[in-house]
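Undergrad: coords below, sequence missing:
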Ligand SMILES: *Cc1c(COP(=O)(O)O)cnc(C)c1O
């Protein structure tokens, strides 16, 4: 049933591949595909083999697909139709195009990264974002590092100095695999003192746990989970008051950290970064690429002398932010100076605040395009569903959206999902209830057409 390697190598399509890719890679790929098919035949039962056709054409298609997969870059652009806006596996936040331009300029030229242009002497890389961060949030001082995990580690390592840090039992969160508050504490040499219970922690629990050895009161945003029912948590304001009474600093790990109040757009109201700063908390940390919508970074805001001490910690050098991130972060923060326009300009915020009418018209456009040409190869419908914020923010929050639900007639929904994943560019969708679901909220400019073409070329042609 299998064509011979020689015969394959003589085909015109393969000769075209020789023009584009090194000869060894083409031959190797042909051999690999051959081996895959051979294995498949050997492990299949006779019945399924009877409708197995190894036509030369199909074989060649697989070879050219595989080769472009192997020869292409590993880190690639994908299309996100999962409806998860801040999707950690898919690269979290997207950058605005003005931000990209600045990024490209800084990347391809020398810059004043650590050079003071006024004085002509060595400057600080942090100076480029410190003022604007303070301006936007009301903080006294700021520092940025590689990511929020780094920000928490560095801050704890500086503030706790091997002594005790008090945290509520309800806030000992794990954020994806290796970031667990108790582990980060250990790595920063802080000694964790847990207070309260899983569902309820009172101010008196903190008060009772304060000893000579206490160095810090820590509040952690329970980003990716929620305790509901009979619960209570101490407000940041109250924790700050308690800290004052005992001359102890207070820190909050805000996780996502949002600068704009998104409750107007149907999201659960969460304290903004500005509100956290206003409580007088000594230091807060949050991510650059979650709800802020910028590049991966860890932002640390706080009192002048606290930030000064953190800057001097030698660990800071190991967690240093790089210049491309800094360029992207500075221009992202500048977008926040433009008021309401920021909601349009930062892709993460744009997706979260998308008008219902826009969602509906996108869904209709995709649906119409698919229905027109599907010649009975699949069923499609528009369904109401919920998008997710993602990035560990507001885990219970559903954002009303429209999805296109597809049920293929001749192939399984799993195989459709796989074909989309292997499409160029890959399209990441989800399966629910035997249908492939595509949420239009997370589509970017020009992507709707690609998705339409992908579905039609996979299922119809
Ligand atoms: C996401 C998150 C972190 C880790 O932030 P990264 O930017 O992913 O390093 C730390 N703490 C909380 C509460 C978070 O939500």
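TA: That came in fine, so what should we check first? Values in this document were obtained by computation on a predicted structure and should not be read as measured data.

Undergrad: where does whichever residue of the stretch 251-400 of the chain sits closest to the ligand fall, phi/psi-wise?
TA: For the stretch 251-400 of the chain and the ligand, the shortest gap (C-beta to the nearest ligand atom) falls at residue 255, measuring 2.6 Å. Every residue, glycine included, has its C-beta placed from N, CA and C. Main-chain dihedrals, residue 255, degrees, to the nearest 10: phi 70, psi -100.

Undergrad: ok, it - contacts?
TA: Taking C-beta atoms under 8 Å, 6 or more residues apart in numbering as the criterion, residue 255 is in contact with 148, 175, 220-221, 223, 286-287, 290, 392-393.

Undergrad: let's go with 7 Å and repeat that
TA: 221, 223, 286-287, 392-393 (C-beta atoms under 7 Å, 6 or more residues apart in numbering).

Undergrad: Among the residues you listed, which one has the most neighbours?
TA: When neighbours are counted by other C-beta atoms under 10 Å, residue 287 leads the contacts of residue 255 with 29 neighbours.

Undergrad: how about the nearest residue to that residue once chain neighbours are set aside, what does it touch?
TA: Closest residue to residue 287 apart from its sequence neighbours, by C-beta to C-beta, 6 or more residues apart in numbering: residue 148 at 4.1 Å. If you count contacts by C-beta under 7 Å, 6+ apart, residue 148 has them with 285-287, 298.

Undergrad: quick one: which of those residues sit in strands?
TA: Counting by DSSP state E, the contacts of residue 148 place 285-287, 298 in strands.

Undergrad: Within reach of the ligand, which of these are there?
TA: Taking C-beta under 6 Å from any ligand atom as the test, the ligand is in contact with 287, 298 out of the ones in strands among the contacts of residue 148.

Undergrad: Go through the ones in strands among the contacts of residue 148 and name the one nearest residue 452.
TA: Closest approach between the ones in strands among the contacts of residue 148 and residue 452, by C-beta to C-beta: residue 287, at 33.7 Å.

Undergrad: quick revisit: and the contacts of residue 255 as CSV, adding pLDDT?
TA: Putting the contacts of residue 255 into CSV (pLDDT from 0 to 100) gives the following:
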residue, pLDDT
221, 93
223, 82
286, 97
287, 97
392, 77
393, 78
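
Undergrad: Rebuild these as JSON lines, extending it with distance to residue 356.
TA: Converted to JSON lines, the contacts of residue 255 look like this (distance: C-beta to C-beta, whole Å):
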{"residue": "221", "distance to residue 356": "29"}
{"residue": "223", "distance to residue 356": "27"}
{"residue": "286", "distance to residue 356": "29"}
{"residue": "287", "distance to residue 356": "28"}
{"residue": "392", "distance to residue 356": "26"}
{"residue": "393", "distance to residue 356": "21"}
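
Undergrad: Below-threshold pLDDT in this structure: ranges please.
TA: 48-54, 177 (pLDDT under 70).

Undergrad: distance between stretch 15-33 and the chain's centre?
TA: In terms of C-alpha atoms, centre = their mean, to the nearest Å, the centre of stretch 15-33 is found 36 Å from the chain centre.

Undergrad: In that stretch, which residues are buried?
TA: 17, 21, 26-27, 29-30, 33 (16 or more other C-beta atoms under 10 Å).

Undergrad: Could you look up the SS state of the closest residue to residue 64 other than its chain neighbours?
TA: Once flanking residues are discounted, residue 64 sits nearest to residue 17: 6.3 Å by C-beta to C-beta, 6+ apart. Here residue 17 is recorded as helix under DSSP: H, G, I helix; E, B strand; the rest coil.

Undergrad: you'd agree residue 17 is up against residue 26?
TA: Yes. In this structure, residue 17 is within contact of residue 26 by C-beta atoms under 7 Å, at 4.9 Å.

Undergrad: how is the protein carved up into domains?
TA: 5-71, 79-90+352-459, 97-345 (automatic domain parsing).

Undergrad: Could I get the contacting residues of the residue nearest to residue 64?
TA: Going by C-beta under 7 Å, 6+ apart, residue 17 touches 26, 64, 67.

Undergrad: That one and residue 28, how far apart?
TA: Separation of residue 17 from residue 28 (C-beta to C-beta, to the nearest Å) stands at 12 Å.

Undergrad: tell me what the longest helix seen in the chain is packed against?
TA: Identified as the longest helix of the chain according to DSSP state H is helix 23-43. Applying 3 or more C-beta pairs under 7 Å, 6 or more residues apart in numbering; DSSP states H and E, one finds that helix 23-43 makes contact with helix 5-9, helix 12-20, helix 56-71.

Undergrad: of all the contacts of residue 148, which comes closest to residue 138?
TA: Using C-beta to C-beta, the contacts of residue 148 come closest to residue 138 at residue 286, 14.5 Å.

Undergrad: pretty sure the closest one contacts residue 256?
TA: Yes. Under the contact definition of C-beta under 7 Å, residue 286 touches residue 256, with a separation of 6.5 Å.

Undergrad: what's the burial count for the residue nearest to residue 87 when sequence neighbours are not counted?
TA: Spatial nearest neighbour of residue 87, excluding adjacent residues (C-beta to C-beta, 6+ apart): residue 390 at 5.2 Å. Residues near residue 390, counting by other C-beta under 10 Å, number 28.

Undergrad: could you list every residue that touches residue 390?
TA: Residues in contact with residue 390 (C-beta under 7 Å, 6+ apart) are 84-87.

Undergrad: Derive a ChimeraX selection command for the buried subset of the residues you listed.
TA: In ChimeraX, this line selects whichever of the contacts of residue 390 come out buried by 16+ other C-beta under 10 Å:
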select :84,85,86,87
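
Undergrad: Sort out for me which of the contacts of residue 390 are in strands.
TA: Judged by DSSP E, the contacts of residue 390 include 84-86 as members of strands.

Undergrad: sorry, back to before: rebuild the buried residues of stretch 15-33 as CSV, extending it with distance to residue 124.
TA: Converted to CSV, those look like this (distance: C-beta to C-beta, whole Å):
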residue, distance to residue 124
17, 52
21, 47
26, 52
27, 55
29, 51
30, 56
33, 55
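
Undergrad: Quick check: the farthest pair among those?
TA: Spatially, the most separated pair among the buried residues of stretch 15-33 is 21 and 33, at 14.2 Å (C-beta to C-beta).
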